[in-house]
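> mind looking at a prediction? Sequence and model below.
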Amino acid sequence: ETKTFFRVSNIETHQGLWYDSKGQFTGLIHDKFNFCMNNELKMDFDETLRGYLSTTDQYNTLFNWFSKEDIKRLQEHNYFIHEYEAHDYWFYDRFQHWVVNQETSIITKRIILF
């Protein structure tokens, strides 16, 4: 079954704020983007997540991870909310969020906050 998910990621590289698209830790949220409300949240590496992207399954749930103000500021650095369609996904209990396969999920929309 195909489902819709949401994620904050870079418009060009599609990487998030903790890891790049190859699963290498960047820690951008801890230093470059430390204005984000979850800037102290550690997302320790987990091999089972290799090839998967952290997402939410509800648009509004995304704001539990990033405030609207965070996202507005991140947009200035080419990080936007992206809507994904995915059929390969599962719930990651450890950090209580959904993950989608980065190879088979498709970005269907970029959402810009004003």
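Sure, I can see it. Numbers count the residues shown, from 1 in each chain.
> give me the neighbour count for R94.
10 (other CB atoms under 10 Å). Just so you know, the C-beta spots here come from the backbone N, C-alpha and C atoms, and that holds for glycine as well.
> what pLDDT is listed against K42?
For K42, the model assigns a pLDDT of 89.
> I'd assumed it was in a strand, is it?
No: applying DSSP: H, G, I helix; E, B strand; the rest coil, one finds K42 to be coil, outside a strand.
> got phi/psi on it?
Dihedral pair for K42: phi -90, psi 130, per degrees, to the nearest 10.
> gap between it and H87?
Here K42 is placed at a distance of 30 Å from H87 (CB to CB, to the nearest Å).
> and E1, by the same measure?
As judged by CB to CB, E1 and H87 stand 7 Å apart.
> out of those two, which sits in the more crowded spot?
Counted by other CB under 10 Å, E1 and H87 do not tie: H87 has more neighbours, with 12 against 5.
> burial measure for the closest residue to that one other than its chain neighbours, as a count.
Nearest residue to H87 in three dimensions, chain neighbours excluded: T2, at 4.8 Å (CB to CB, 6 or more residues apart in numbering). By the criterion of other CB under 10 Å, T2 has 10 neighbours.
> phi, psi for T2 please.
T2 adopts backbone torsions of phi -80, psi 140, taken as degrees, to the nearest 10.
> quick one: residues contacting it.
T2 is in contact with 85-87, counting by CB atoms under 8 Å, 6 or more residues apart in numbering.
> now, these that are in helices?
Within the contacts of T2, no residue falls in helices by DSSP state H.
> among the residues you listed, which are in strands?
Using DSSP state E, the subset of the contacts of T2 located in strands is 85-86.
> from the contacts of T2, which is closest to D57?
Checking the contacts of T2 against D57 with CB to CB, the nearest one is A86 at 9.8 Å.
> let's see the pLDDT reported for K22.
Value for K22, per-residue pLDDT: 84.
> equivalent analysis for E47, please.
88.
> over to the one 10 residues further on?
D57 carries a pLDDT score of 98 in this model.
> for it, give me its contacts.
Applying CB under 8 Å, 6+ apart, the residues contacting D57 are 3-6, 98.
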